[in-house]
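Chemist: Here is a sequence with its predicted model. Questions after.
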Amino acid sequence: MKIIIDNKSMIPIYEQIENQIKEQIINGTLKSGEKLTSIRALAKDLGISIMTVKKSYDALESSGFVKSVQGKGSYIMGKNKSFLKEEKQKEIENYISKIVDISNEYDISKKEILETFEYIFEK
């Protein structure tokens, strides 16, 4: 498991860890049933607080990506399809918001945007 922390990022460290582990699960780098690096070991490797890593692992568990077993560690549960769909829906909404902002700024009509969308979507 490879985690890279960007100390200059506006994204909190625990979220960076959570996002990178999710991405590794989604792209298949981390497989269902695989044991995650222990909280203590990952904290030591990254030079951060144990509580920061624990917060990441707890968030992963609450969203169904990881299952923690007392005294044994945390294990990959696989891809949580409904969560992934919701996450991608939010991503799409963010892109649409940017499109609306740009179209308002440059007086591009909703009709023009929809025509462009239909053209690209049909491609």
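Modeler: Arrived safely.
Chemist: Show the model's pLDDT score for residue 75.
Modeler: Confidence at residue 75, expressed as pLDDT, is 95.
Chemist: Helices of this structure, start to end?
Modeler: Remark: helices assigned in the chain by DSSP state H are 13-26, 39-46, 50-62, 81-105, 110-122.
Chemist: nearest to residue 4, of those helices?
Modeler: helix 13-26 (7.2 Å; Cβ to Cβ). To be clear about C-beta, it is placed using only N, CA and C from the backbone, and glycine gets the same treatment.
Chemist: quick one: contacts of the closest one?
Modeler: Around helix 13-26, the neighbours that count as contacts under Cβ atoms under 8 Å, 6 or more residues apart in numbering are 1-7, 9, 11, 30, 36, 42, 46, 48, 52-53, 55-56, 59-60, 63, 65-66, 76, 78-79, 84.
Chemist: Residue 5: neighbour count?
Modeler: 15 (other Cβ atoms under 10 Å).
Chemist: Nearest residue to the middle of this protein?
Modeler: residue 19 (3.7 Å; Cα atoms, centre = their mean).
Chemist: how far away is that one from residue 71?
Modeler: 27 Å (Cβ to Cβ, to the nearest Å).
Chemist: quick one on the thing from earlier: weakest of the helices of the chain in terms of mean pLDDT?
Modeler: Looking at the helices of the chain, the bottom one is helix 81-105 with a mean of 87.
Chemist: name the helices or strands packed onto that one?
Modeler: helix 110-122 (3 or more Cβ pairs under 8 Å, 6 or more residues apart in numbering; DSSP states H and E).
Chemist: what angle separates the helix it packs on from helix 81-105?
Modeler: Helix 110-122 and helix 81-105 meet at an angle of 140 degrees, taking axes from the mean of the first three to the mean of the last three Cα atoms, to 10 degrees as the criterion.
Chemist: Show me what helix 110-122 is in contact with.
Modeler: 99-100, 103.
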